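Chemist: fold the following, please.
(one chain, ligands or ions: 2)
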Amino acid sequence: MSQVATSYLQTLEKSLYDLVSETSTNLPKDVRRAIKKAKDAENAGTRAAMSLDTIANNIVMAEDNVSPICQDTGLPTFKVKTPVGVNQLEIKAAIKNAIVQATQDAKLRPNSVDSLTGKNSGDNLGDGLPVVKFEQWEKDYIEVKLILKGGGCENKNIQYSLPCELEGLGRAGRDLDGIRKCILHSVWQSQGQGCSAGFIGVGIGGDRSSGYDLAKEQLFRHVDDVNPNEDLAKLEEYIVEKANTFGIGTMGFGGEATLLGCKIGVMHRIPASFYVSVAYNCWAYRRMAIDIDVNSGEITNWHYQDGEKITFRDEPKTEVQSESKVVELTAPITEEQIRELKVGDVVKINGRMYTGRDAIHHHLMSHDAPVDLNGQVIYHCGPVMAKDEEGNWTVKAAGPTTSIREEPYQGDIMKKFGIRAVIGKGGMGPKTLAALKDHGGVYLNAIGGAAQYYADCIKSVDGVDLQEFGIPEAMWHLNVEGFTAVVTMDSHGNSLHADVEKSSLEKLSQFAERVF
Ligand SMILES: O=C(O)C[C@H](O)C(=O)O
Ligand code: SF4
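Modeler: Ligands and ions are numbered 1, 2, ... in the order given. Here you go, the predicted model:
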């Protein structure tokens with residue numbers, strides 16, 4: 001291969017690596033401004049305000065450490081536009097090399113799992129992963145857009161087929177008002193599980209797949225742009241205004257800021273189908289784009305650079321609410337210590353905790369635990385890990401994953417092994433709440449996405465079990481200091497999540513009457 005061709009390919013790969021690293025570690029300016037607006041909207045001293053403080057702190061740490069904002073770096077999705085004649089196979093190969101390198105450098109978590117065997121490929125490559133979509137265009141340069149959308153918010157995506165009946169809103173017909181109801185409902189059904197306050201992309205029309213594609217494509221729009229379609233521009237504004245009256249708030253803790261942006265796209269449909277597809281993105285809204293020179297492979301332009309960059313470095317700190325009791329706990333934890341806790345208390349964990357999420361909960365239902373979990377703490381977390389010079393594991397990012405996925409298992413597992421505390425985010429359901437009461441357990445809600453903040457609380461990794469499940473799913477033995485989370489489900493039958501879901505449904509129901 002000629003010298004020029006080699007250097008083009010090497011430069012191209014470096015440009016793509018820089019795109020991946022920047023997207024994972026440095027939140028774009030427009031998203032930062034939206035989060036700042038949310039911070040200013042929250043009432044000082046509330047749990048939501050405290051959560052947004054932690055989020056802001058986390059954003060600073062990720063940028064300084066050049067480390068993932070959230071441990072879940074999602075399913076990397078690239079949208080590439082090339083002039084006619086550009087070799088797209090070379091670009092695809094360069095993207096894959098950049099992804100592998102970024103994974104080795106812990107800028108990405110190895111997220112590619114064989115859907116049949118559960119085996120994690122370890123390098124983020126796999127059948128269909130990463131997603132790379134090409135289009136030709138008339139411009140004379142290459143454009144590469146990347147979105148890193150984590151699984152927790154992807155799981156809150158939803159697609160409606162009109163007409164339909166919606167909780168709190170009744171019938172949604174095949175018209176703009178029916179679309180309005182679907183979009184409001186999509187925000188309500190997400191609650192805090194997708195790490196609210198979030199952003200939504202909406203696709204009206206198409207079929208099941210093109211509707212969802214259109215919805216996700218809306219997430220590449222600028223947070224501050226205005227929809228050229230007047231009706232949709234009005235609807236976008238209406239949705240953000242009304243969704244922020246639901247009282248779901250950051251993390252679903254209650255509060256003023258529930259939705260930070262709504263971008264709606266529309267396409268034709270066939271007579272039998274009328275889909276409204278919603279792509280829900282968490283506050284860790286990681287998308288970026290670059291322009292690349294077709295000859296040199298160099299980056300000639302970064303997108304989303306306009307306007308002020310909120311650094312969050314000199315933000316006033318929100319004191320934890322004075323009436324919140326702060327309780328320090330170290331495992332093994334006794335039943336009576338747990339029974340003293342109630343919803344709203346702040347718990348600081350020091351000492352041992354074990355990670356355990358999807359694969360481990362499924363495994364423990366029919367196997368013994370590799371360690372004695374009696375009195376212990378399970379952390380629903382799939383960290384980004386790396387080895388230091390001495391070959392010891394270090395934690396690069398370690399925020400909580402969505403706990404509701406463990407609802408079918410959690411209560412049984414706590415009773416089977418004597419686990420006393422579970423830490424995660426988004427809350428759990430009635431089965432777990434009953435088990436907490438029965439057995440004497442507690443659910444602690446950590447701040448979703450605050451991966452750098454919690455990694456900083458992890459002082460050492462003292463072992464690992466079930467590593468066959470892959471890095472994100474193994475049972476990591478963590479030694480933590482000052483790991484802070486909020487009691488949102490206690491051993492007396494109280495659940496903040498159940499209360500917020502109920503109160504927000506009443507708020508949602510206020511919008512049942514026709515508007516458009
Ligand atoms: O997979 C994770 O670590 C988190 C996931 O994105 C989630 O929000 O549940
Ligand atoms: S943990 Fe929260 S912030 Fe991270 S990807 Fe999942 S939904 Fe987004």
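Chemist: and for the residue in the chain positioned nearest to ligand 2, the neighbour number?
Modeler: Ranked by CB to the nearest ligand atom, the top residue of the chain for proximity to ligand 2 is Gly150, at 2.0 Å. For every residue, glycine as well, the C-beta is placed using N, CA and C. Close neighbours of Gly150, defined as other CB atoms under 10 Å, add up to 27.
Chemist: name the nearest residue to it, ignoring sequence neighbours.
Modeler: Counting by CB to CB, 6 or more residues apart in numbering, Asp72 is the residue found nearest to Gly150 once chain neighbours are left out, at 3.6 Å.
Chemist: and for Ser324?
Modeler: Closest to Ser324 by CB to CB, 6+ apart is Val346, at 4.9 Å.
Chemist: right, and that neighbour touches Phe483 too?
Modeler: No. Between Val346 and Phe483 there is no contact, the gap being 11.2 Å when judged by CB atoms under 8 Å.
Chemist: ok, these two, which is more surrounded?
Modeler: Phe483 (24 against 19).
Chemist: residue contacts, that one?
Modeler: Going by CB atoms under 8 Å, 6 or more residues apart in numbering, Phe483 touches Lys348, Ile349, Asn350, Met353, Ile423, Ala446, Tyr454, Cys457, Ile458.
Chemist: can you list phi and psi of the last one for me?
Modeler: In other words, Ile458. With angles defined as degrees, to the nearest 10, Ile458 sits at phi -90, psi 110.
Chemist: for the closest residue to it other than its chain neighbours, helix, strand, or coil?
Modeler: Distances taken as CB to CB, 6+ apart place Val395 nearest to Ile458, at 4.6 Å, with adjacent residues excluded. Three-state assignment for Val395 (DSSP: H, G, I helix; E, B strand; the rest coil): strand.
Chemist: okay, and the beta partners of Val395?
Modeler: Taking DSSP bridges as the rule, Val395 bridges to Met385.
Chemist: give me the neighbour count for it.
Modeler: Per other CB under 10 Å, the neighbour tally for Val395 reads 25.
Chemist: in contact with it, which residues?
Modeler: Pro383, Val384, Met385, Ala455, Ile458, Val461, Trp476, Leu478.
Chemist: and if we set it to 10 Å?
Modeler: 71, 106, 355, 381, 383-386, 451, 454-461, 476, 478, 480 (CB atoms under 10 Å, 6 or more residues apart in numbering).
Chemist: just the ones of these in helices?
Modeler: Residues of the contacts of Val395 located in helices (DSSP state H): Ala451, Tyr454, Ala455.
Chemist: wait, isn't the first one in contact with Ala284?
Modeler: Right, the one you point to is Ala451. Yes. Contact status for Ala451 versus Ala284: in contact at 8.6 Å, counting by CB atoms under 10 Å.
Chemist: anything in contact with each of those two?
Modeler: Between them, Ala451 and Ala284 share these contacting residues under CB under 10 Å, 6+ apart: Asn58, Ala62, Pro68, Ile69, Cys70, Gln71, Asp72, Thr73, Gly399.
Chemist: test my guess that the last one contacts Gly382.
Modeler: Yes. Under the contact definition of CB under 10 Å, Gly399 touches Gly382, with a separation of 9.3 Å.
Chemist: shared neighbours of these two, which are they?
Modeler: Common neighbours of Gly399 and Gly382, using CB under 10 Å, 6+ apart, are Gln71, Asp72.
Chemist: near ligand 1, which residues of the chain are found?
Modeler: Taking CB under 6 Å from any ligand atom as the measure of proximity, the chain contacts ligand 1 at Gln71, Asp72, Gly150, Gly151, Gly152, Cys195, Gly382, Thr401, Thr402, Gly448.
Chemist: and the two most separated of the residues you listed?
Modeler: With CB to CB as the measure, no two of the residues of the chain next to ligand 1 lie farther apart than Cys195 and Gly382, at 14.4 Å.
Chemist: show me what contacts the residue nearest to Asp177 when sequence neighbours are not counted?
Modeler: Spatial nearest neighbour of Asp177, excluding adjacent residues (CB to CB, 6+ apart): Phe516 at 4.5 Å. Residues near Phe516 by CB under 10 Å, 6+ apart: Asp175, Leu176, Asp177, Gly178, Ile179, Arg180, Lys181, Asp231, Lys234, Leu235, Tyr238.
Chemist: what's the longest strand in the protein?
Modeler: strand 475-489 (DSSP state E).
Chemist: quick one: which helix or strand includes the nearest residue to Val84 once chain neighbours are set aside?
Modeler: Take Val84 and drop its neighbours on the chain: the residue closest to it by CB to CB, 6+ apart is Gln136, 5.5 Å away. Here Gln136, judged by DSSP states H and E, is contained in strand 131-137.
Chemist: show me what counts as buried in that strand.
Modeler: Using 16 or more other CB atoms under 10 Å as the burial criterion, the residues of strand 131-137 that qualify are Val132.
Chemist: centre of the chain to that strand, how far?
Modeler: Distance, stretch centre to chain centre, for strand 131-137: 25 Å (CA atoms, centre = their mean, to the nearest Å).
Chemist: who does that strand touch, helix- and strand-wise?
Modeler: Where contact means 3 or more CB pairs under 10 Å, 6 or more residues apart in numbering; DSSP states H and E, strand 131-137 is packed against strand 77-83, helix 88-104, strand 142-148, helix 208-217.
Chemist: go again using 6 Å as the cut-off
Modeler: On a contact count with 3 or more CB pairs under 6 Å, 6 or more residues apart in numbering; DSSP states H and E, strand 131-137 meets strand 77-83, helix 88-104.
Chemist: just send these back as CSV, with mean pLDDT and mean neighbour count too.
Modeler: What follows is the helices and strands packed on strand 131-137, written out as CSV (pLDDT from 0 to 100; neighbours: other CB atoms under 10 Å):
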stretch, mean pLDDT, mean neighbour count
strand 77-83, 98, 19
helix 88-104, 98, 19
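Chemist: out of these, which is closest to Asp114?
Modeler: Nearest to Asp114, of all the helices and strands packed on strand 131-137, is helix 88-104, at 16.1 Å by CB to CB.
Chemist: and the chain, which residues reach ligand 2?
Modeler: When proximity is defined as CB under 6 Å from any ligand atom, the chain approaches ligand 2 at 70, 72, 150, 152-153, 194-195, 282, 284, 399, 401, 448-449.
Chemist: show me what contacts the residue of the chain at minimum distance from ligand 1?
Modeler: The chain approaches ligand 1 most closely through Gly152 (1.7 Å), counting by CB to the nearest ligand atom. Residues near Gly152 by CB atoms under 6 Å, 6 or more residues apart in numbering: Gly194, Thr402.
Chemist: and it, that's in a helix?
Modeler: Yes. Counting by three-state DSSP, Gly152 is located in a helix.
Chemist: give me the pLDDT value at Val66.
Modeler: Val66 carries a pLDDT value of 98.
Chemist: quick one: low-confidence ranges for the chain?
Modeler: Residue ranges of the chain with pLDDT under 70: 317-323.
Chemist: and it, what are its domains?
Modeler: For the chain, the TED database gives the domain ranges 1-150+291-319, 151-283, 326-500.
Chemist: between the ones you listed, which gets nearest to Lys507?
Modeler: Closest to Lys507 of the domains of the chain, according to CB to CB: domain 151-283, at 4.8 Å.
Chemist: which non-adjacent residue is nearest Lys156?
Modeler: Spatial nearest neighbour of Lys156, excluding adjacent residues (CB to CB, 6+ apart): Gly194 at 3.7 Å.
Chemist: show me what contacts Asn97?
Modeler: By CB under 6 Å, 6+ apart, the contact list for Asn97 reads Glu13.
Chemist: what about the helices in the protein?
Modeler: 3-25, 29-41, 47-65, 88-104, 151-154, 176-190, 208-217, 230-243, 335-339, 358-364, 407-417, 430-435, 451-455, 496-509.
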